[in-house]
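Trainee: Quick one: sequence plus predicted model below, questions after.
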Amino acid sequence: MDKTLFERNLLALSQRQSALCSRLSAARTTLGRYRFLESRSGEPVPALVDAAGAAHALHSLVDPRREGERLVSASASAAGCLVFLGLGGGYFPEAALEKEGVCQVLVIDYDIHGIAELLASREYIRVFNDPRFTLLVDYDAEALERHILETWKPALYGGIRVIPLRQRIEQDGESFARAGDAIKRAIDRLSLDYSVQARFGKRWFSNIIRNMFPAEKSAPALAPVRKALICAAGPSLDLQLPRLAEYGAEKRRDCFIISVDTALPALLKNGLKPDAVISIDCQHISYYHFMGLSRKEGPALPPDIPLFLDLASTPLLASLAGNARFFSGGHPLTRYLSRFWRPFPELDTSGANVTYAALSLAEYLGAGEIELYGADFSYPLGMCYARGTYINPCLALRQNRLDPLEAEFSAFLYRSPRLEKTGAGCSWRYETPVLRGYREALEAKAGKLSASVRAAPGLGAPVSLRAGPRSGCAARSLRLFSSGKASASAAAFLEQYRADIKALPPLSGNVARCLAELPERASLVLTTLLPLVAAVKGRQNEAAAAEIFEEAREHCLDELERAAGLAKGV
């Protein structure tokens, strides 16, 4: 062991990964995990020693540096983020960092003692000093997935490529297999998020800055509830309404009915008044759920029914409600506002559907019992929604003698790609991959709650839930649903936010290096623009990151100026 070399490597690594350095300092370097061989080119090659004492060289014994350059050249042109499974002698990540287009290099390895031996035998300072490099040692699958979700920025970095150090992963196949699965899950999730950002990024930004003005108003805090009944808008809701009606005035004191926006007209037409409504859709189609509730004067919703809105929801809905309650749904701009302008309750909307958001609201309100109604996540018997929802009057207006109502409903149903028919007799239904994904996300969410979650019997896809409190889950919260005090008026804060966006430097050269040099506040401001950057990139996929960012910046500045003018009545 070369103690001086080991300490120099740790010093370089400690600049950005101090926790890992502490673990390496306590690791043992005399266990004989590795031997070092000399290649023909004179470069040292680490060889992993197996249980039988045989040494397996991790790199070419001819020229390991050239091997790394060849391998990376084939991958770096197609991806800005490279993930290496195994550190070895560091030749692969070293070659990757030579490429100007590479924005992020992540190395995953296992056995802290083995890594310590490598650092005590070869110099890695050049790699460790690069801000684009990260070394993860002994990360479990969940932590690894979370790290990729938090650090990979596809809108700026581009694609991601995984490169295995084959001789290394063969000696620890199970650990690297779990790592590969975690990486795939993270990529799948980020790819889905990115496609949604590319579609709605501009609208989200526009909605959020306009919703800040109604969000300035204060509203009374909402106390915790004991039992929550969540009403979705699936066709089973028609059959379940009698059961909901059993919660008369006496029982209603012990329960809290949360209606998703789509189900609201169906409930009201059947004489059932919910205690709250929730909406997360950023599109104007959400307005249709409230069309039949309009009155000549005053808000569309009775003021005693709170309407819970994501800050990214369409601003039109806030004008329809006399009792709007805003929350942060996870968009980086809403989190930024909650941190620096006004603290908002944060709800988990990662399930990408309003029923999932309603479950998060029930969790936030501390409900110990939660029941789901109308949560079909399918089209039972070919029906799309419960009677009384927005789709019925909308399609009725479009029917004519050549295109009757039945044809309109059929066209609406069969617009969905990849319909899969399951079941038989009177219990068949259509499912789609999207609806199945919604159901599975809700099941996973419910499985982590300490509350008892049940689904009322219905016609839709069975929702796998475990009734009764569960040990090892998150404890019930008893928080009030309330927003904190604003640090400034919405107009003043947006003016400062606009100045902060204008002050961001151009992303010239390597994007990751530019981001690493930003102060914390400027980095957070830039992060708020990433969904909009994805929307711009979706229309100009071949453009350079710097060009895409500048167009996104100009769009933001124009939207902020337009919103300020609307607030002033200009």
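Mentor: Arrived safely, thanks for sending.

Trainee: ok, E520 to T334 distance?
Mentor: Going from E520 to T334 by C-beta to C-beta, to the nearest Å gives 19 Å. Heads up, the C-betas are built off the backbone N, CA and C, glycines and all.

Trainee: Next: I305.
Mentor: 23 Å.

Trainee: between those two, which one's more packed in?
Mentor: Neighbour tally, I305 and T334, criterion other C-beta atoms under 10 Å: the higher count belongs to T334, 24 against 18.

Trainee: Name the nearest residue to that one, ignoring sequence neighbours.
Mentor: S328 (4.0 Å; C-beta to C-beta, 6 or more residues apart in numbering).

Trainee: Pick out the residue closest to the middle of the chain.
Mentor: Centroid-nearest residue in the chain: S350, 5.3 Å away (criterion: C-alpha atoms, centre = their mean).

Trainee: Can you tell me, leaving aside adjacent residues, what's nearest to it?
Mentor: G330 (6.4 Å).

Trainee: That neighbour: how many residues sit nearby?
Mentor: Neighbour count of G330, defined by other C-beta under 10 Å: 15.

Trainee: what ranges do the helices span in the stretch 101-250 of the chain?
Mentor: Listed in chain order, the helices of the stretch 101-250 of the chain (DSSP state H, counting those that start in this stretch) span 112-119, 125-128, 141-151, 154-157, 166-169, 173-215, 236-245, 249-252.

Trainee: which stretch among these comes nearest P417?
Mentor: With C-beta to C-beta as the measure, helix 173-215 is the member of the helices of the stretch 101-250 of the chain nearest P417 (14.5 Å).

Trainee: shaky segments in the protein?
Mentor: 1, 76-79, 248-253, 291-300, 466-478, 541, 566-570 (pLDDT under 70).

Trainee: How about P46, nearest residue that isn't a chain neighbour?
Mentor: Y34 is the one closest to P46 (C-beta to C-beta, 6+ apart), at 4.8 Å.

Trainee: The one you found and F200, how far apart?
Mentor: From Y34 to F200 the distance is 50 Å (C-beta to C-beta).

Trainee: Pick out whichever of these two has more residues nearby.
Mentor: The neighbour count for Y34 versus F200, taken as other C-beta under 10 Å, is higher for Y34 (24 against 20).

Trainee: wouldn't that one be in contact with D50 here?
Mentor: No. Y34 is beyond contact range of D50, at 11.2 Å (criterion: C-beta atoms under 8 Å).

Trainee: burial count for the nearest residue to F128 once chain neighbours are set aside?
Mentor: Using C-beta to C-beta, 6+ apart and skipping the chain neighbours, the partner closest in space to F128 is A12 (3.9 Å). A12 is flanked by 20 other residues according to other C-beta under 10 Å.

Trainee: Next, give phi and psi for A12.
Mentor: Reported as degrees, to the nearest 10, the phi and psi values for A12 are phi -70, psi -40.

Trainee: how about P274, phi and psi?
Mentor: Taking degrees, to the nearest 10 as the convention, P274 sits at phi -70, psi 160.

Trainee: what residues are up against it?
Mentor: C231, I257, I258, S259, L264, L267, I305 (C-beta atoms under 8 Å, 6 or more residues apart in numbering).
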